[in-house]
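>>> Dropping a prediction and its sequence here:
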Amino acid sequence: MCRNIKTLFNFEPPATEDEIHASALQFVRKLSGFNKPSQANEAAFDRAVAEVSQAARTLLTSLHTHAPARDREVEAERARERSRLRFG
C-alpha cells in the first residue's frame, strides 16, 4: 500500500517516536488522500495520526520474536542494493 512506510519491528535500536509518527502520518495521508488537509479537516487528520501512532506503538511493544534483532544499517544497504538492481 504505502511504499514509504518502513518495517519498525525487531530492529536494534528500537523504533523511535519520530519513526512511529512518520509511518502513522504516511498511512493517514494515504487513507485520506490529503498530503496536507484543509483547515476544516485538520483536527480530524491530526487526531487520526495520533490514534494510529498510539496503535502502532502498542503493537510494537506487544510483539515478541525469537529472531535476532536486525541492524538498521545492514537493512538500509540491502534496500539500496535492491533499488540499484531495479532502477539501474
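Sure, I can see it.
>>> how many neighbours does residue 42 have?
12 (other C-beta atoms under 10 Å). For the C-beta atoms, the positions are set from N, CA and C on the backbone; glycine is no exception.
>>> Quick one: mean pLDDT over the longest helix along the chain.
Using DSSP state H, we find that the single longest helix of the chain is helix 39-62. On average, the pLDDT along helix 39-62 is 97.
>>> show me what contacts the most centrally placed residue in the chain?
When C-alpha atoms, centre = their mean is applied to the chain, the residue found nearest the centroid is residue 23 (2.8 Å). Residue 23 makes contact with 5-6, 8, 56, according to C-beta atoms under 8 Å, 6 or more residues apart in numbering.
>>> Which secondary structure element is home to it?
Per DSSP states H and E, residue 23 falls inside helix 17-32.
>>> what's the offset of that helix from the middle of its chain?
With C-alpha atoms, centre = their mean, to the nearest Å as the basis, helix 17-32 stands 6 Å off its chain's centre.
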